[in-house]
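> how would this look folded up:
(4 chains)
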2 protein chains.
Amino acid sequence: MAELDSPAEAGLVAQWRDLLARHAQTACLLDRELGEKHGLGMSEFEVLERLVEGCDGTGGGLRVQELAPTVHLSQSALSRLIGRLEKAGLVTRAMCSDDRRGIKVAVTEEGHRRYTEARPLHREVLSLTLADDPVPACGPIPD
Amino acid sequence: MAELDSPAEAGLVAQWRDLLARHAQTACLLDRELGEKHGLGMSEFEVLERLVEGCDGTGGGLRVQELAPTVHLSQSALSRLIGRLEKAGLVTRAMCSDDRRGIKVAVTEEGHRRYTEARPLHREVLSLTLADDPVPACGPIPD
DNA sequence: AGAGACTACATGCACATGCATTCAATGCAA
DNA sequence: TTGCATTGAATGCATGTGCATGTAGTCTCT
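All right, here's what the predicted structure looks like:
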């Protein structure tokens, strides 16, 4: 009655648990550190980063729908996240001239500054938690 | 002014984005599929699985604090999740005899059944999304 | 041009999560 | 024993998320 996993399945499960552990650890630490020291959530940082990458130099801005698939958020969550960033003065929302349904989001000076300030910490956290050792299987979280 | 990442940092970022994409895709699909077809969330399934692994045969049950680190949930979230499972009749909460602050959680017959029913689908989703190809960078999110 | 389908984004709502707090049980010290 | 710090778990509260829906703009077909 298939009580046990096949070797292939067991491998998948191990891989999945490793992924879950790394994700939880990294995301949690990122959120805490970025939040405490820069007032940014992990997703906020991620969005800011895409915006900086996407429209650095050109003041163009990105369509919300271009942003969405890259940050793994629902359309509604992204909409509100942008709302928060806008209220904080880190991005601007502007109507698209070519398609007035669309919204072009662009980082402000302040947004760019905050991103640049936060980036070293972000990278530091990644280097801490993504160290190549493949997490001890059942992520004890030695804490 | 360190506008760019070092190669090492760029590697970390790429690794992180890949991890995020895989996680989002897998977690999202797991939640949807398990939810629709078995009335279980991803975390619910995970907890059930640990319980089945941890006290299969012996009717012992696991302490909440033993469960917590393995599912990457806060203590409060886990407490409520167990509450939900209990209300659904899938687990039981019992006082520890040796330390009456503690709670022993154990799967019920019904819980074991639901888990066993759901497992094949769980494994199937993993095999779909965790395929070894390193995700197209910009996780599609079939939203 | 006009009607209807469709798209882009915003919003109401329900809910799961984390943090801080609370409450009970335990352990330790005097 | 009493008193106090600590631990295990539950709960109040604020928040971020997804789904379903709403609203405005665009496209297509006639």
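> can the biggest helix by length in chain A be found next to DNA strand C?
Longest helix in chain A, counting residues (DSSP state H): helix A:7-38. Yes - using Cβ under 7 Å from any atom of the strand, helix A:7-38 reaches DNA strand C at residue A:32. To be clear about C-beta, it is placed using only N, CA and C from the backbone, and glycine gets the same treatment.
> Buried ones in that helix, by neighbour count?
Residues of helix A:7-38 classed as buried by neighbour count (16 or more other Cβ atoms under 10 Å in any protein chain shown): A:9, A:12-13, A:16-31, A:33-34, A:38.
> Same check on stretch A:74-90?
By neighbour count on 16+ other Cβ under 10 Å, the buried set for stretch A:74-90 is A:78, A:81-82, A:85, A:90.
> Could you pull up the mean pLDDT of that stretch?
Per-residue pLDDT over stretch A:74-90 has a mean of 97.
> just stretch A:28-45 next, same as before
For stretch A:28-45, the mean pLDDT works out to 95.
> okay, that stretch in CSV with CA atoms only?
This file holds the C-alpha atoms of stretch A:28-45, laid out as CSV (Å, rounded to 0.1, in the frame of the first residue of the first chain):
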residue,chain,number,x,y,z
CYS,A,28,13.4,35.3,8.0
LEU,A,29,16.8,36.8,8.5
LEU,A,30,16.5,39.2,5.6
ASP,A,31,13.2,40.4,6.8
ARG,A,32,14.4,41.0,10.3
GLU,A,33,17.7,42.6,9.3
LEU,A,34,16.4,44.8,6.5
GLY,A,35,13.4,45.7,8.6
GLU,A,36,15.3,46.7,11.7
LYS,A,37,18.1,48.5,10.0
HIS,A,38,16.6,50.0,6.9
GLY,A,39,12.8,49.9,7.3
LEU,A,40,12.4,47.6,4.4
GLY,A,41,10.8,44.2,4.1
MET,A,42,12.3,41.5,1.9
SER,A,43,9.8,41.9,-0.8
GLU,A,44,10.1,45.7,-0.7
PHE,A,45,13.9,45.3,-1.2
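> List the contacts of that stretch.
Under the contact criterion Cβ atoms under 8 Å, 6 or more residues apart in numbering or on different chains, stretch A:28-45 has outside partners A:27, A:48, A:71, A:73, A:77, A:81, A:84-85, A:88, A:90, A:114-115, A:117-118, A:121-122, A:125, A:128-129.
> can you tell if stretch A:46-65 touches DNA strand C?
Yes - Stretch A:46-65 comes into contact with DNA strand C (Cβ under 7 Å from any atom of the strand), by way of A:63-65.
> With distance to DNA strand D and secondary structure as added columns, please give the buried residues of stretch A:74-90 in TSV.
Below are the buried residues of stretch A:74-90 laid out as TSV (distance: Cβ to the nearest atom of the strand, whole Å; DSSP: H, G, I helix; E, B strand; the rest coil):
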residue	distance to DNA strand D	secondary structure
A:78	7	helix
A:81	5	helix
A:82	10	helix
A:85	11	helix
A:90	14	coil
